[in-house]
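# Give me a model of this one.
(chains A and B)
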Amino acid sequence: MKTTIAMCLAAIVLASGCGTAGITTPDGYAKKQHWGYDYMAVSTDANVVSLRVQPNEDDEKGTLDFWTEAARKHLTLSRGYTAREEGAFTSPHGPGRYILFTRDHKGIEHLYLMGLVVKGEDIFVMEAGGEKALFEPDVPKIVKAFATLE
Amino acid sequence: MLRLLHLLLLTCIALAGCAAASEYRPAGPMERPDVTGGAMMPMAPAKPGAFQDEAGEYAEHEADKTRAPSLAEKAVRKSEVSGEKGGAPAEFERKIIYTGWFTVDVYDIAETQKKLLESVTAFGGYLQTQSGNQLVLRIPADKFDAIEPLLRKLGRVDENLTRIQAQDVTEEYYDVELRIRTKRKYLESLHKLLTTSGKLVETLAVQKEIARVVEDIERLEGRLRFLASQVSMSTVTVTFRLAHSGSDRTFRLPWDWLDELGLDRLLP
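As a prediction, the model looks like this:
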């Protein structure tokens, strides 16, 4: 009985482990548990890097290009963001795209970096942001971290 | 009757002589037929002053912009290009004038302009003009490539309104340079001539020509300075626009997770 329970627990742990997405924590950041996110890390400058997985359901399945364009338009046309830079990366889950936005947040100019990878029924949404002056130097290493998506 | 025959004979001889005198003979470039004696004589100068033969036909130097260079000038050019300086012609350094136009969306125009000017000054550049939200900057040509990344750091560069122009002025630059040297040599010869010419009319003509050549040299030197300045310092025009907040738009897509994107949820 004990063996069966132990095996069941192990199976549950393994199953949950397999389903958790993550990225390599960039230098200067520390992981932090946060509800609603599969992964989050914060720097001493209060820059935040996060990851969550959204369903790419059958009836609304979109490609990487589709979701990148949808996110860009949503953020720029209805949320006041300005797209400043765009690029691509390759992760173990396939190709990804990122867009760097600018916007005021609480009266201070901020940068917001969004990365997307689409694989089957999952949309891996990676976000990062912080005060422009503090966040800007970290952008290259965060894009590199996006590329480590597993 | 006999007198009549003599008269006829004399008329025939006279006509034959006239025909001989007017017989076609091709003349050389500096010769003309002497109707008095039939021999070829050197052609007299068309204008006063012996300097014409020494330094070329000065009348041709009028309207310098449109005319082809005089033979004297050509000769000087030829000698300078082909060997008097010694050896093969030197490799010409390309002379390119770089000009750029950028439009950048920013949140705080005054602050961004201040930051940009600080960076441009650090590059060794300077502000040429400021008009409203537009700055015209002069930056060292070797720093021209750095301006766009710099602007991208300061705001959003509108790609549709970005324009870069590279104008190759190599040919004009070296042509102007050579024309200055040629004219200086010509000027030297005019000064020498001034000391040897004796007649007042010749002296006045030489002085007039010297004044004209000096004016030409000054004009060409001005052009050369302008080209050199344009080549060494690129001109960059930056227009700043206030970034649109977008908050007045009603655009919305029907996926709730898109609403969860952004700084408001991500940052504390």
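# contacts and neighbour counts: CA atoms only from here.
Noted.
# can you list the residues of the stretch 1-150 of chain B near chain A?
Remark: the part of the stretch 1-150 of chain B in contact with chain A comprises residue B:107, using C-alpha under 8 Å from any C-alpha of the partner chain.
# so which residue of the stretch 1-150 of chain B comes closest to chain A?
Residue of the stretch 1-150 of chain B nearest chain A, by C-alpha to the nearest C-alpha: residue B:107 (7.8 Å).
# Spell out the secondary structure type for the residue in chain A that chain B sits nearest to.
Among all residues of chain A, residue A:80 sits closest to chain B, at 4.3 Å; criterion: C-alpha to the nearest C-alpha. With DSSP: H, G, I helix; E, B strand; the rest coil as the basis, residue A:80 sits in coil.
# Run a quick neighbour tally on it.
20 (other C-alpha atoms under 10 Å in any protein chain shown).
# per-residue confidence for it?
Per-residue confidence for residue A:80 comes out at a pLDDT of 88.
# what's the burial count for the residue of the stretch 51-200 of chain B found nearest chain A?
Here the stretch 51-200 of chain B gets closest to chain A at one residue, residue B:156, 5.0 Å apart by C-alpha to the nearest C-alpha. The local packing count at residue B:156 equals 22, with neighbours defined by other C-alpha under 10 Å.
# same check, this time on the one 4 residues further on
Taking other C-alpha under 10 Å as the neighbour definition, residue B:160 ends up with a count of 8.
# And the pLDDT at it?
Predicted confidence (pLDDT) at residue B:160: the value is 85.
# now residue B:41
What the model reports for residue B:41 is a pLDDT of 34.
# next one: residue B:241
Residue B:241 carries a pLDDT value of 87.
# For chain A, which residues are neighbours of chain B?
A:47-48, A:50, A:54, A:70-71, A:74-84, A:105, A:109, A:112, A:127-130.
# low-scoring pLDDT stretches of the stretch 101-250 of chain B, where are they?
Counting by pLDDT under 70, the stretch 101-250 of chain B has low-confidence residues at B:244-250.
# quick one: the strands in it?
For the stretch 101-250 of chain B, the strands defined by DSSP state E, counting those that start in this stretch cover B:126-131, B:134-140, B:156-157, B:163-168, B:233-242.
# Go through these and pick out the most buried.
Mean neighbour count (mean count of other C-alpha atoms under 10 Å in any protein chain shown) peaks for strand B:156-157 among the strands of the stretch 101-250 of chain B, with a mean of 24.
# before we move on, which element is the residue nearest to the spatial centre of chain A in?
Central residue of chain A (C-alpha atoms, centre = their mean): residue A:126, 1.2 Å from the mean position. Here residue A:126, judged by DSSP states H and E, is contained in strand A:122-131.
# what's that strand packed up against?
Secondary-structure packing of strand A:122-131 (3 or more C-alpha pairs under 8 Å, 6 or more residues apart in numbering or on different chains; DSSP states H and E): strand A:48-55, strand A:108-119, helix B:263-266.
# Need the CA coordinates for that strand. PDB is fine.
These are the backbone C-alpha positions of strand A:122-131, laid out as PDB (Å, rounded to 0.1, in the frame of the first residue of the first chain):
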ATOM      1  CA  ASP A 122       0.700  26.300 -25.900                       C
ATOM      2  CA  ILE A 123       1.500  30.000 -26.100                       C
ATOM      3  CA  PHE A 124       4.600  30.700 -24.000                       C
ATOM      4  CA  VAL A 125       4.300  34.300 -22.900                       C
ATOM      5  CA  MET A 126       7.500  35.900 -21.600                       C
ATOM      6  CA  GLU A 127       7.400  39.400 -20.100                       C
ATOM      7  CA  ALA A 128       9.900  41.600 -18.600                       C
ATOM      8  CA  GLY A 129      10.000  45.200 -17.600                       C
ATOM      9  CA  GLY A 130      11.300  48.000 -15.500                       C
ATOM     10  CA  GLU A 131      12.300  51.600 -15.400                       C
END
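# could the strands of the stretch 101-250 of chain B be laid out in JSON lines, adding distance to residue B:111?
JSON lines is the format used below for the strands of the stretch 101-250 of chain B (distance: least, C-alpha to C-alpha, whole Å):
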{"stretch": "strand B:126-131", "distance to residue B:111": "14"}
{"stretch": "strand B:134-140", "distance to residue B:111": "13"}
{"stretch": "strand B:156-157", "distance to residue B:111": "15"}
{"stretch": "strand B:163-168", "distance to residue B:111": "24"}
{"stretch": "strand B:233-242", "distance to residue B:111": "11"}
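# what about those, which gets the closest to residue B:112?
Checking the strands of the stretch 101-250 of chain B against residue B:112 by C-alpha to C-alpha gives strand B:233-242 as the closest, at 8.7 Å.
# Okay then, goodbye and thanks.
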